[in-house]
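Peer 1: Give me coordinates for this.
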Amino acid sequence: MPKLITVLSSLLQRVAESNDLSQRFHPQKISVFHGLTRPTISIHSYLERIFKYANCSPSCFVVAYVYLDRFAQKQPSLPINSFNVHRLLITSVLVSAKFMDDIYYNNAFYAKVGGISTTEMNLLEVDFLFDLGFQLNVTPAAFYTYCSYLQREMFLQSPLQLEEPLNVGRQLKQYHCCFSEDECAHQKQLAV
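Peer 2: Have a look, this model is predicted:
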């Protein structure tokens, strides 16, 4: 399993736990993303499941994280917590895969992976897009900023181990930052 999944799940776990605690003191708005109970599957296991079955690029998980951050900023009355993190995750990965990858599964497939109905997946997607204001583009600079943040988190989680850097940056350089064939050729020359 890529280190990216471990780092993302750890970050989201901390955010959800922190917001669960603050929920006791500050009432939070309920949304379509909230479940009636906390899911029994851990955030880490859920992300592993999505990674295993969705077959989307690692870049999609970084972009999904960007979307979750944007969601949290644009919807401060709907903080990410234990009751909504799973639905937000499956929705952000779905939207990210549709935006980033050339080939992706349909909503019915993502619904099965996420353990929800297709109708609910469709509703979550529409609501998520409106909550983001349809702002899905992630610039290469923003992508690298988030990758750097995740890389730093990875180092903080295991500072004594010599870890290999996250591979998503290399994949982005090869596949997502090239807006023309000339740019790709230029980047290949720089890499040599």
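Peer 1: Can I get stretch 104-112 as CSV, trimmed to CA atoms?
Peer 2: Only the C-alpha atoms of stretch 104-112 are listed here, as CSV (Å, rounded to 0.1, in the frame of the first residue of the first chain):
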residue,chain,number,x,y,z
TYR,A,104,-12.5,5.9,-14.4
TYR,A,105,-15.3,3.8,-13.0
ASN,A,106,-18.9,5.0,-12.9
ASN,A,107,-20.8,6.1,-9.8
ALA,A,108,-22.4,2.7,-9.3
PHE,A,109,-19.0,1.1,-8.9
TYR,A,110,-17.8,3.8,-6.5
ALA,A,111,-21.0,3.4,-4.5
LYS,A,112,-20.3,-0.3,-4.1
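Peer 1: For it, which outside residues touch it?
Peer 2: 53-56, 90, 93-94, 97-98, 117-118, 120-122, 125 (C-beta atoms under 8 Å, 6 or more residues apart in numbering). Backbone N, C-alpha and C define where each C-beta goes, glycine included.
Peer 1: Please list only the buried members of the residues you listed.
Peer 2: Using 16 or more other C-beta atoms under 10 Å as the burial test, the contacts of stretch 104-112 include A54, C56, I90, V93, L94, A97, K98, E120, M121, E125 as buried.
Peer 1: any chance you could map the helices in the protein?
Peer 2: 3-23, 43-54, 58-74, 85-100, 107-114, 118-131, 140-157, 168-175, 181-191 (DSSP state H).
Peer 1: Let me see the contact set for the most centrally placed residue in the chain.
Peer 2: Of all residues in the chain, the one closest to the mean position by C-alpha atoms, centre = their mean is A64, 2.7 Å from it. Counting by C-beta under 8 Å, 6+ apart, A64 touches L89, S92, V93, V95, S96.
Peer 1: So which of the contacts of stretch 104-112 is the closest to L132?
Peer 2: Nearest to L132, judged by C-beta to C-beta, of these is E125 at 10.8 Å.
Peer 1: Would you mind measuring from the closest residue to S77 other than its chain neighbours to Q73?
Peer 2: Leaving aside its sequence neighbours, S77 sits nearest to K29 (C-beta to C-beta, 6 or more residues apart in numbering; 4.4 Å). From K29 across to Q73, the span is 15 Å (C-beta to C-beta, to the nearest Å).
Peer 1: give me the low-pLDDT residue ranges for the chain?
Peer 2: 1, 23-28, 158-192 (pLDDT under 70).
Peer 1: change it to 50
Peer 2: 160-165, 169-192 (pLDDT under 50).
Peer 1: how far out from the middle of the chain is stretch 92-102?
Peer 2: Here stretch 92-102 is found 10 Å from its chain centre; the criterion is C-alpha atoms, centre = their mean, to the nearest Å.
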